[in-house]
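K.L.:
Structure for this input, please:
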Amino acid sequence: MELKIKETIGGEFAKKGEDISNGDVVKIKDDGRSIEGQYGPQTVFSIETKNGDKIATFNQTSLNAIIAEFGGLTEKWIGKSLTVIAIKQSVGGKFLDVYYFVPEGYEMGERGFVKNEELPTINIDDDDSEKVPDLSRPEAKSSGESKPF
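P.N.:
Model prediction:
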């Protein structure tokens, strides 16, 4: 059997509800690292919170949104801002707040966080009735303005 040294990190982990809360904006301070956690590897980053620099674990759902926005090179994430989103979820039979770190403009979708793209707006107040033939008029049907199906 081969044993490996378990990497420890210096610093204090961000406390939910104290250092980070739903809606907070935090800033990434380093390029992160993978450490062995209680349930397997964890990806951790130093973040700037309202109470100073802390360490936070980014779950895979958060990482997917960050990669979609900033790319996969974590060195390029340094200095980027993320919004903290807390969602109550069932974890181990208890409902707990699960914290996500996502770029601005991302919302939870059916398959994780997706960017909330602006949809084109249609102004329903525009009066285009002059451009559309009225098919209820007999002359429109016979004049060739439109053809029946």
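K.L.:
hey, which helix or strand in this protein has the poorest pLDDT?
P.N.:
helix 138-142 (a mean of 55; mean pLDDT, DSSP states H and E).
K.L.:
What ranges does the protein have for its helices?
P.N.:
60-70, 138-142 (DSSP state H).
K.L.:
which helices and strands does the longest one pack with?
P.N.:
If contacts are counted by 3 or more CB pairs under 8 Å, 6 or more residues apart in numbering; DSSP states H and E, helix 60-70 sits against strand 94-102, strand 112-115. (Glycine included, C-beta is placed from N, CA and C.)
K.L.:
buried sites along the last one?
P.N.:
Within strand 112-115, the residues that qualify as buried are 112-114, counting by 16 or more other CB atoms under 10 Å.
K.L.:
List the neighbouring strands of it plus their orientation.
P.N.:
strand 106-109 (antiparallel) (DSSP bridges).
K.L.:
And Gly11, how far from Ser34?
P.N.:
Distance, Gly11 to Ser34, by CB to CB, to the nearest Å: 16 Å.
K.L.:
wait, Phe113
P.N.:
Distance, Phe113 to Ser34, using CB to CB: 21 Å.
K.L.:
Repeat that for Tyr100.
P.N.:
19 Å.
K.L.:
what about those two, which has more around it?
P.N.:
Remark: of Tyr100 and Ser34, Tyr100 carries more neighbours, 21 against 10, as counted by other CB atoms under 10 Å.
K.L.:
List the beta-bridge partners for that one.
P.N.:
Residues in beta-bridge contact with Tyr100 (DSSP bridges): Ile85.
K.L.:
Return the per-residue confidence for it.
P.N.:
Per-residue pLDDT puts Tyr100 at 96.
K.L.:
i'd like the first residue to be 817 from this point on
P.N.:
Understood, numbering begins at 817; the last thing we discussed is Tyr916.
K.L.:
OK, contacts around it?
P.N.:
Taking CB atoms under 8 Å, 6 or more residues apart in numbering, we find Tyr916 in contact with 875, 877-878, 881, 900-903, 924, 929.
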